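>>> curious how this folds, go ahead:
(2 chains)
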Protein chains: 2
Amino acid sequence: MEKTAILTPEELLKNWQGHRNLTRKVIELFPEKELFEFSIGGMRPFSEMVKEFLAIAVPGLKEFVSDTTKPFEEDHQLKTKAQLLQAWDEATVAISDLWSHIPHEKFREMNNLFGQYNFPVIDNIQYFIDNEIHHRGQGYVYLRALGIEPPFFWERN
Amino acid sequence: MEKTAILTPEELLKNWQGHRNLTRKVIELFPEKELFEFSIGGMRPFSEMVKEFLAIAVPGLKEFVSDTTKPFEEDHQLKTKAQLLQAWDEATVAISDLWSHIPHEKFREMNNLFGQYNFPVIDNIQYFIDNEIHHRGQGYVYLRALGIEPPFFWERN
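Purely as a prediction, here's the structure:
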């Protein structure tokens, strides 16, 4: 007999969208110029990290739903905070829609993400979330260095 | 009929211990003085974040195993990198040992962590991991600001 799941797909999606809500607040808190230019220690500006999140989330989920793979590609047309936030909100809707089309058994199947990272889908998704938490934490340091108080880490709504 | 789990307790532990291996590498890369003193924007030195991780992990798991709760308390006796690393390695062993004593059904039960955060155990654990990723990402910025190259994010062994 299978045991009760410690985590369901619906809960994992809720967890990710909660993190994405928090990331959206961080984007909003950056002044326009600093979002695209401010950096510490030669790292990327926060806007570049956000473009990475966007290039991973919806394209990644499309792979799981379509069983096809495409090379990783960031959208370099996103040049203002308003454009980033609009892309973010469109991705929020697309993520929930695509998620509902991932068959349950798919989560444990292998997927060669972007044609180069061959891992189980659940690992791919956990990586998407972990990567966003990691870089958003860096965005928190940028905000603090700019004298701006970041949101509480546990604010996900 | 229950569906196949998208994630097992064993996989979640492996994921966390992988993250903890990476955090250990970050601790090691800090010069002694900067580990305890360097900060950006008024944030805590990385050693303080590490003490927080230590104060959460083993004491948190003890709650799930013992069904008792204790207030959150950091160990302020950890004053050198060697002491932090030793505490880290002791926690690594303790985490895996305690984990093996968490009954499967416990993951979905409520736990009032440190007497104040009342959530399902699975949410408590996910928070432990997310919180470590978040602050370790901040440690990466500190390292970059110090001219030190951090480990690859995907290096977990």
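>>> you'd agree residue A:112 is in a strand?
Yes. Per DSSP: H, G, I helix; E, B strand; the rest coil, residue A:112 lies within a strand segment.
>>> just the pLDDT for it.
On pLDDT, residue A:112 comes in at 95.
>>> ok, and the closest non-adjacent residue to it?
What sits nearest to residue A:112 in space, not counting adjacent residues and going by CB to CB, 6 or more residues apart in numbering or on different chains, is residue A:118, at 4.4 Å. In this view, the C-beta of every residue, glycine as well, is placed from N, C-alpha and C.
>>> now do the SS call for that neighbour.
Going by three-state DSSP: residue A:118 is strand.
>>> now do the contacts for it.
Counting by CB atoms under 8 Å, 6 or more residues apart in numbering or on different chains, residue A:118 touches A:110-112.
>>> derive a ChimeraX selection command for the buried subset of those.
With 16 or more other CB atoms under 10 Å in any protein chain shown as the criterion, this ChimeraX line picks the buried residues out of the contacts of residue A:118:
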select /A:111
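>>> so which of the contacts of residue A:118 comes closest to residue A:82?
Nearest to residue A:82 among the contacts of residue A:118: residue A:111, at 33.1 Å, using CB to CB.
>>> list the contacts for that closest one?
So residue A:111 contacts A:63-64, A:69, A:118-121, A:124 (CB under 8 Å, 6+ apart).
>>> now residue A:134
Residue A:134 neighbours (CB under 8 Å, 6+ apart): B:133-134, B:136-137, B:140, B:153.
>>> next one: residue A:67 from chain B, what distance?
Distance, residue A:67 to chain B, by CB to the nearest CB, to the nearest Å: 18 Å.
>>> closest one of the contacts of residue A:111 to residue B:78?
residue A:119 (35.3 Å).
>>> out of everything not next to it in sequence, what's closest to the residue nearest the centre of chain A?
Using CA atoms, centre = their mean, the residue of chain A that lies closest to the mean C-alpha position is residue A:53, 4.0 Å off. Leaving aside its chain neighbours, residue A:53 sits nearest to residue A:132 (5.2 Å; criterion: CB to CB, 6+ apart).
>>> same deal with residue A:73?
Spatial nearest neighbour of residue A:73, excluding adjacent residues (CB to CB, 6+ apart): residue A:55 at 6.2 Å.
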